[in-house]
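Engineer: sequence unknown, structure follows:
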């Protein structure tokens, strides 16, 4: 899997047997999400996670707080991986993001104390 999808608010990067998902910059997050983006993300994640050796991490290192759009995207990732990878591993979780996930009662869907398997 290359850095896909090419458009939209998420960046997918392949690192050996690891898929690293990051959010694009704040400015790019404000842009409209392309039509069919949720379906594309879901299909790509499900396809990639059919390989039992494949690992995935959502890297929030550059995210200090979550907008409603970012939270929605995290929940989209979680839904796409339902039954394949639960809870979804998050790395680089700031105290603000941790608190927001707890307040919104979505923390149970994520492993906020995951170790970064890629080390970055």
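Structural biologist: Perfect, I can see it now. These numbers come from a predicted model, not from an experiment.

Engineer: And the helices in this structure, which stretches?
Structural biologist: With DSSP state H as the criterion, the chain has helices at 26-30, 37-48, 68-81, 95-103.

Engineer: how about these, which one is nearest residue 110?
Structural biologist: Set against residue 110 and scored by CB to CB, those come closest in helix 95-103, at 6.3 Å. Heads up, the C-betas are built off the backbone N, CA and C, glycines and all.

Engineer: Please point out which parts of that closest one sit buried.
Structural biologist: By 16 or more other CB atoms under 10 Å, the buried positions in helix 95-103 come out as 97, 98, 100, 101.

Engineer: any idea how far the residue nearest to the last one when sequence neighbours are not counted is from residue 49?
Structural biologist: To tie it back to what came earlier, the one meant is residue 101. Residue nearest to residue 101 in three dimensions, not counting chain neighbours: residue 107, with 4.2 Å by CB to CB, 6 or more residues apart in numbering. According to CB to CB, to the nearest Å, residue 107 and residue 49 sit 22 Å apart.

Engineer: Quick check, central residue of the chain?
Structural biologist: Centroid-nearest residue in the chain, with CA atoms, centre = their mean: residue 58, separated by 4.1 Å.

Engineer: Okay then, goodbye and thanks.
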